[in-house]
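>>> Following is a predicted model, sequence given first.
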Amino acid sequence: MTKKLPLRQCVGCGEMKTKKEMMRVLKAEGEEICLDLTGKKNGRGAYLCKSMTCLQKARKNKGLERSFKMSIPAEVYDALEKEFADGNTE
């Protein structure tokens, strides 16, 4: 019997992929938003494909705003883009 892999939807492009193929953006207590590279931190998570284009799409279509039900300042996206560029796996 094959193990069912958990699928998540990218808030940028809307594609469904396995958790391992995606990175998790986390809203921790205190409205702090960061990348959760382990996927195990506590808080509300939204998933993005591991590509800068999906992050930019999420910024344009307000995907993270919808997921976290709050407005997200531009600095947060800038910080995510920088964090993403530094630790990009692809």
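Yes, it's here. Numbers count the residues shown, from 1 in each chain.

>>> Neighbours of the closest residue in space to Asn42 that isn't next to it in sequence, how many?
Taking Cβ to Cβ, 6 or more residues apart in numbering as the measure, Asn42 lies nearest to Ala28, with 7.1 Å between them; neighbours along the chain are not counted. Quick note: C-beta positions are derived from backbone N, CA and C, even for glycine. Residues within reach of Ala28, counting by other Cβ atoms under 10 Å, total 13.

>>> Kindly report the same for Lys60.
So Lys60, with other Cβ under 10 Å, has 10 neighbours.

>>> which residues of the protein fall in strands?
7-9, 16-18, 22-27, 33-36, 44-49 (DSSP state E).

>>> Of all these, which one is nearest Ser67?
Using Cβ to Cβ as the measure, strand 44-49 is the one of the strands of the chain that comes nearest Ser67, at 3.8 Å.

>>> Off-centre distance for that closest one?
Its chain's C-alpha centre and that of strand 44-49 lie 3 Å apart, by Cα atoms, centre = their mean, to the nearest Å.

>>> Begin at 838, not 1, for the rest of this chat.
That works, and once the first residue is 838, the last one we named lands at strand 881-886.

>>> Can you mark which positions in that strand are buried?
Of the residues in strand 881-886, 882-886 count as buried by neighbour count, 16 or more other Cβ atoms under 10 Å.

>>> which one of those is nearest Phe905?
Minimum distance to Phe905 across those is 6.7 Å, recorded for Ala883 (Cβ to Cβ).

>>> ok, that closest one - contacts?
848, 861-862, 864, 900-901, 904-905 (Cβ atoms under 8 Å, 6 or more residues apart in numbering).

>>> any idea how far it lies from Lys840?
24 Å (Cβ to Cβ, to the nearest Å).

>>> Would you map the helices across this protein?
If you assign secondary structure with DSSP state H, the helices in the chain sit at 889-897, 900-905, 911-923.
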